[in-house]
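**Q** have a look; sequence and predicted model below, questions after that.
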Amino acid sequence: MAFRFLTDEWAAAVTEALRASDAFTSSANMSLQFVVTDAPEGEAKFYMDATGDTPVQRIG
């Protein structure tokens, strides 16, 4: 299924995919913040937190 980039639905789909990967959840230990300055609707921010066993990606 396709989701529009930088939407809540996209972030939820990424979160679901990350949580479904045992390899990712057992080895990733990071927290990242992204700022996209040239998005069609202006600046957009999203972050990924994979510091525990339940990674999450969210807009904001």
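**A** Yep, that arrived.
**Q** tell me the buried residues in stretch 9-24?
**A** Across stretch 9-24, burial judged by 16 or more other CB atoms under 10 Å covers 10-11, 14-15, 18. For glycine as for every other residue, the C-beta is placed from the backbone atoms N, C-alpha and C.
**Q** can you check stretch 44-58 too?
**A** 44, 46, 48-50, 55-57.
**Q** other residues contacting that stretch?
**A** 6, 8, 11, 14-15, 18-19, 24-26, 28-36, 59-60 (CB atoms under 8 Å, 6 or more residues apart in numbering).
**Q** now stretch 5-17
**A** Residues from elsewhere that reach stretch 5-17, judged by CB under 8 Å, 6+ apart: 1, 3-4, 36, 39, 44, 46, 48, 55-59.
**Q** now residue 34: which helix or strand?
**A** Element membership for residue 34, per DSSP states H and E: strand 31-36.
**Q** that strand pairs with which strands, parallel or anti?
**A** Strand 31-36 sits in its sheet next to strand 44-49 (antiparallel), going by DSSP bridges.
**Q** and the partner strand, what's its mean pLDDT?
**A** Mean pLDDT, strand 44-49: 96.
**Q** what mean pLDDT does whatever helix or strand comes next after that strand have?
**A** Once the chain leaves strand 44-49, the next helix or strand it forms, by DSSP H and E, is strand 56-59. In this model, strand 56-59 has an average pLDDT of 97.
**Q** how about stretch 28-41?
**A** 93.
**Q** who touches it?
**A** The list of residues contacting stretch 28-41 from outside it, by CB under 8 Å, 6+ apart, reads 6, 18, 43-51, 55.
**Q** again, only this time at 6 Å
**A** Residues outside stretch 28-41 that contact it (CB atoms under 6 Å, 6 or more residues apart in numbering) are 6, 43-51.
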